[in-house]
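Novice: Build me a model:
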Amino acid sequence: MIITILSHKGGAGKTVTAIHLAAYLGKQSPTLLVDSDPNGSALRWAARAEKELPFKTFSQEGLAGYFMKGGTPPTHMVLDTEARPTLDQLRSHASQSDFLLIPTTPSILSSDTLPLLLQDIGKLASQGDRICPFAFLLTIVPPRPSKAGEEAQAFLKERGLPILNQRIRRYNAFEIAALKGCPVYDVKGDENAGIAWSDYTQAFKEMEEMING
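Specialist: Here you go, the predicted model:
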C-alpha cells in the first residue's frame, strides 16, 4: 500500500505525520519511507536516530538503488512529498498512491491554501485523471481552552470534505522527537509523549478503516 503525505503549505506537520505513519505501519510489517521533499526533512530526522527505526528511509534516488540491488519490496510505502505540489506532481501522486493524507493546521494561512488544492483536484477529475481516496488530518492543534481545532474540523465537514475525526494536538514532545530522530513514543521524561503517540495511532486506525471501507 502506498500512502502519500502532501500539503499545499509548509509547516503543516507533513514530515512529522510521515515519520509517525511509517513507524505505525513499520511496527506491523515491512515499511519504507521515501523522502521526495527537496528539503530532505525526513532523511535528516532519520539520520539523527540513535537506535534503529521500525522502517527504512530513502531518497527517491536511494529507493531506485535499493530495488536495483534486489531490496525486498515492502508491504507499505509512505511518501513525504514536496510542499505545494504542481498540478503534474499532484497528478502523479493521486494516480500512483492508494491514499492521500493531507495534514492541515487550524490556522487561517493553512485554510487559505485548501481552495488551491481542491481546485487542482477538481482539474484532475475534470480531465479524467485517476484520483485515489484522500482525507484531511488536522495537525498542530492548540490545546484547550482553544476551540480552533473543533472550529476548523467543523468548517471542513460543513463543506463535505473528508476529514479524520482524530486531531493531532500540539505537544513539545514532537519537537524533542525531531531533535533526537525518533518517533514521539521514544521520547523520555515528557508526560505528553504517550498522549501525542496515541493521537497519531487513533488517526491512523481511522484512516485504515476509511481505506478498507
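Novice: residues in contact with Gln89?
Specialist: Thr81, Glu82 (CB atoms under 8 Å, 6 or more residues apart in numbering). Backbone N, C-alpha and C define where each C-beta goes, glycine included.
Novice: Assumed it was part of a strand.
Specialist: No - Gln89 is assigned helix when assessed by DSSP: H, G, I helix; E, B strand; the rest coil, not a strand.
Novice: So it versus Gly13, what's the distance?
Specialist: Computed as CB to CB, to the nearest Å, the Gln89 to Gly13 distance reads 19 Å.
Novice: Let me know how buried Glu151 is, in neighbour terms.
Specialist: 10 (other CB atoms under 10 Å).
Novice: Could you find the closest non-adjacent residue to it?
Specialist: Nearest non-adjacent residue to Glu151, counting by CB to CB, 6 or more residues apart in numbering: Pro106, 7.0 Å away.
Novice: Same question for Ala135.
Specialist: Ala135's closest residue in space is Pro162 (CB to CB, 6+ apart), at 4.3 Å.
Novice: in the protein, which ranges drop under the pLDDT threshold?
Specialist: 108-112 (pLDDT under 70).
Novice: what ranges do the helices span in it?
Specialist: Using DSSP state H, the helices of the chain run over 14-26, 41-47, 60-68, 87-96, 108-126, 148-158, 172-180, 193-212.
Novice: how near is the residue nearest to Ala135 to Gly213?
Specialist: 12 Å.
Novice: what does His93 give?
Specialist: Distance from His93 to Gly213, by CB to CB: 22 Å.
Novice: Val16 now?
Specialist: 26 Å.
Novice: More neighbours: which of those two?
Specialist: More neighbours surround Val16 than the other of Val16 and Gly213, with 26 against 6 (other CB under 10 Å).
Novice: and the nearest residue to the more buried one once chain neighbours are set aside, what does it touch?
Specialist: Nearest-residue entry for Val16: Phe174, 5.7 Å, with adjacent residues in sequence omitted and distances by CB to CB, 6+ apart. Counting by CB under 8 Å, 6+ apart, Phe174 makes contact with Val16, Val184, Ala196.
Novice: ditto for Ala22
Specialist: With CB under 8 Å, 6+ apart, Ala22 has these contacts: Thr31, Leu32, Leu33, Leu53, Pro54, Phe55, Thr57, His76, Val78.
Novice: Would you write a PyMOL line that selects the buried entries of those residues?
Specialist: Filtering those down to the buried ones (16 or more other CB atoms under 10 Å) takes a single PyMOL command:
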select buried, resi 31+32+33+53+55+57+76+78
